[in-house]
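> Fold the following for me, if possible:
(one chain, ligands or ions: 1)
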Amino acid sequence: MNYFNELNTLLDMSSAPYSGFNVAAIVVTEDNKVYKGVNVESAAYPTTNCAERNALQTAVTEGAKIGDVKEVHVLGRNSEKLLVKAYPCGSCRQVIAEQSANDAMVYCYASESDVENFTIAELLPHAFLGAEL
Ligand code: THU
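Sure thing, here's the model as predicted:
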């Protein structure tokens, strides 16, 4: 399913006063439930939360279990208000890998028709999934 319209609307909920870069993310779980997230920036910069992890954490808060994440959809908008692809950062890739049991699909949008898709294993090869702990 294409989530461009939902992502585009969601961008306006992003709080990014420092970078001016808005990100919207939608997580879909195996039971086809949909969870939203936006980036929330902080004046103490490292306290910023990415859109993807906010959506993933909401999914877990509402009952998703490890392995349930099926898809992550992401759209960015830069400070010039142009829609651009936002590829998940390293930290988000780690959480996507763990919450999907390493088999999520990640969709990066710049428009309704310009969508790149990746497996999480492509984005984070040789993931550390905790089996060694
Ligand atoms: N950001 C995300 O929320 N997700 C991404 O995929 C890339 C980066 C946010 C973090 C920060 O608020 C802003 O984008 C600029 O890095």
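
> how near is the residue positioned nearest the centre of the chain to Ala16?
Centroid-nearest residue in the chain: Glu52, 2.6 Å away (criterion: Cα atoms, centre = their mean). Distance of Glu52 to Ala16, computed by Cβ to Cβ, to the nearest Å: 14 Å. (Glycine included, C-beta is placed from N, CA and C.)

> One more: His126?
For His126, the distance to Ala16 - Cβ to Cβ - is 32 Å.

> Out of the two, name the residue with the larger neighbour count.
Between His126 and Ala16, Ala16 has the larger neighbour count (other Cβ atoms under 10 Å), namely 18 against 6.

> my read: the more buried one touches Asn39, true?
Yes. With contact defined as Cβ atoms under 8 Å, Ala16 and Asn39 form a contacting pair (5.7 Å).

> shared neighbours of these two, which are they?
22-23 (Cβ atoms under 8 Å, 6 or more residues apart in numbering).

> mind listing what Ala64 touches?
Ala64 makes contact with 27, 29, 33, 35, 99 under the criterion Cβ under 8 Å, 6+ apart.
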